Structure formats: C-alpha cells, structure tokens
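Asker: with the input below, show me the fold.
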Amino acid sequence: MKLEDGRILVATHNKGKIAEYADILGNQVDWLTLEAVGISDDVPETGDTFIANATLKAVAYAQQTGLLTLADDSGLEVDALSGQPGVLTARYGGPGLTFPQRYSLLLQNMADVPDVHRTARFRCVLVLAAPNGAILGTTEGACDGVIARAPAGEGGFGYDPVFFLPEYGLTMAQLPASEKHRISHRGRAARAIAPLLLRVSGKPG
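Answerer: Here you go, the predicted structure:
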C-alpha cells in the first residue's frame, strides 16, 4: 500500500531525536519536521505507557496535517526505582530543568543504590499513523545498561551521559554515533519500522 504524499512527519520538537532518525534511516525516507509544517504546539502526553503517548501524538498530528506521521515515546526505566522515571523521563524533577539537572537529580536519588542494583534500560515505542489517524504499525526497541555513578561523555543527549554500557566500558554519550545507533533503543525501533515506512511512502527499499 502506497499512500499519497509519501513524506513522513516526525512528531517531535526534540532536535536530538530528529537527528538520530536521519542518521539511522538516512535518505530512505523524505522527512518533515513539526517546524517545517508550522506546528509549535505539543500534544499533551497524558498516557501512562509509552505506546499510549506515542499513539496520542501520531494520531493528533496526522489528523492535523493530513500527513503520514511517525511518533515515538521513549524513556529510562530504572529497576531500583520500580521502573521510574518511565513515561516521566523528560519531566523528571519537574518543569524547567535541563537534562543535566534531571540526571544529576537521578544520581542523587540513587546515591545509596549499590552497583549490582543499578540496572536500567532505555525503551522506545514508535507508532506510524495514516493521514486519517489510523494506526499503520508499531515497533519497540530497548537497550539495557546500568546507571553510572557520575556523568561521562559529550555525545548524544538526554540521559546518555549517565547510562553505562558494561560490555563497552563506556556510557552511551561516549559511544561513536554509528555504534550508538546500532544498539540504542531508538535505533532498534526505527530499523524495525523501516520496511513499513518504505512501503507506505513508496520509496524503493
């Protein structure tokens, strides 16, 4: 099935996410950003799961613009905090904080957690919606690691500097971008949905 106007709207204002999708999927897809279509408002993330929030965004922006829309919701699940911050990852600690302030608060709250119990994962859910808001597909990706004792690395964004990958001996922020995209939650979810994106956009695989 090929839908008319094969461009795909990426339903985020997060420039880090947009850059990651462009790096992961390259020119396989004709991307549009919210800014490019004149949208400055955010869809309220009122769901209590990643898939609920991703669906809310995909459907709302698809119906508003009449475009194929790819939305994600993603976050950090820390086992010692019973899966928190989860869907509240981007709002952890309250409004107005920078990400360094948010992950500094996370490290503070985990100061007494021993290394063996600092396991965590990044999780990403992607939802693709048709211009009428119908859901065309969903994918999920996860990446396991542990919460570091201190931030390290300049790459990536968000909580990457405190997400330590034991198999590399590095944080996510210290990995080369190509390797991060290969193993990251967002990279895995994006590659899983890529065949569907190509089919509906009419781009050759």
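Asker: quick one, what contacts the closest residue in space to Pro100 that isn't next to it in sequence?
Answerer: Nearest non-adjacent residue to Pro100, counting by C-beta to C-beta, 6 or more residues apart in numbering: Pro151, 7.3 Å away. For glycine as for every other residue, the C-beta is placed from the backbone atoms N, C-alpha and C. Pro151 is in contact with 100, 103-104, 107, 161-162, 171, 173, counting by C-beta atoms under 8 Å, 6 or more residues apart in numbering.
Asker: try it again at 7 Å.
Answerer: By C-beta atoms under 7 Å, 6 or more residues apart in numbering, Pro151 lies in contact with 103, 161-162.
Asker: among the helices and strands of this protein, which has the poorest mean pLDDT?
Answerer: Within the chain, confidence by mean pLDDT, DSSP states H and E is lowest for helix 15-25 among all helices and strands, at a mean of 79.
Asker: in that helix, what counts as buried?
Answerer: Within helix 15-25, the residues that count as buried by 16 or more other C-beta atoms under 10 Å are 17-18, 20-21, 24-25.
Asker: still on that earlier bit, which one (most neighbours) among the contacts of Pro151?
Answerer: Highest neighbour count within the contacts of Pro151, by other C-beta atoms under 10 Å: Val162, with 28 neighbours.
Asker: and whichever strand or helix holds Arg121, how far out from the chain middle?
Answerer: Arg121 belongs to strand 119-129 when assigned by DSSP states H and E. Once both centres are worked out by C-alpha atoms, centre = their mean, to the nearest Å, strand 119-129 turns out to sit 6 Å from its chain's centre.
Asker: against which helices or strands is the next helix or strand after the least confident helix or strand of the chain packed?
Answerer: Next along the chain after helix 15-25, taking DSSP H and E as the criterion, comes strand 31-33. Helices and strands touching strand 31-33, by 3 or more C-beta pairs under 7 Å, 6 or more residues apart in numbering; DSSP states H and E, are strand 8-10, helix 15-25.
Asker: and for Pro44, the neighbour number?
Answerer: Pro44: 10 neighbours (other C-beta under 10 Å).
Asker: quick one: contacts for the residue lying closest to it once chain neighbours are set aside?
Answerer: Closest residue to Pro44 apart from its sequence neighbours, by C-beta to C-beta, 6+ apart: Leu56 at 7.6 Å. Applying C-beta under 7 Å, 6+ apart, we find Leu56 in contact with 43, 45-47.
Asker: helices of this structure, residue ranges please.
Answerer: Remark: helices assigned in the chain by DSSP state H are 15-25, 50-65, 99-109, 177-183, 185-201.
Asker: tilt between the first one and strand 119-129?
Answerer: Relative orientation of helix 15-25 versus strand 119-129 (axes from the mean of the first three to the mean of the last three C-alpha atoms, to 10 degrees): 80 degrees.
Asker: figure out how far stretch 190-203 is from the centre of its chain.
Answerer: 17 Å.
Asker: now do stretch 33-53
Answerer: Relative to its chain's centre, stretch 33-53 lies at 12 Å (C-alpha atoms, centre = their mean).
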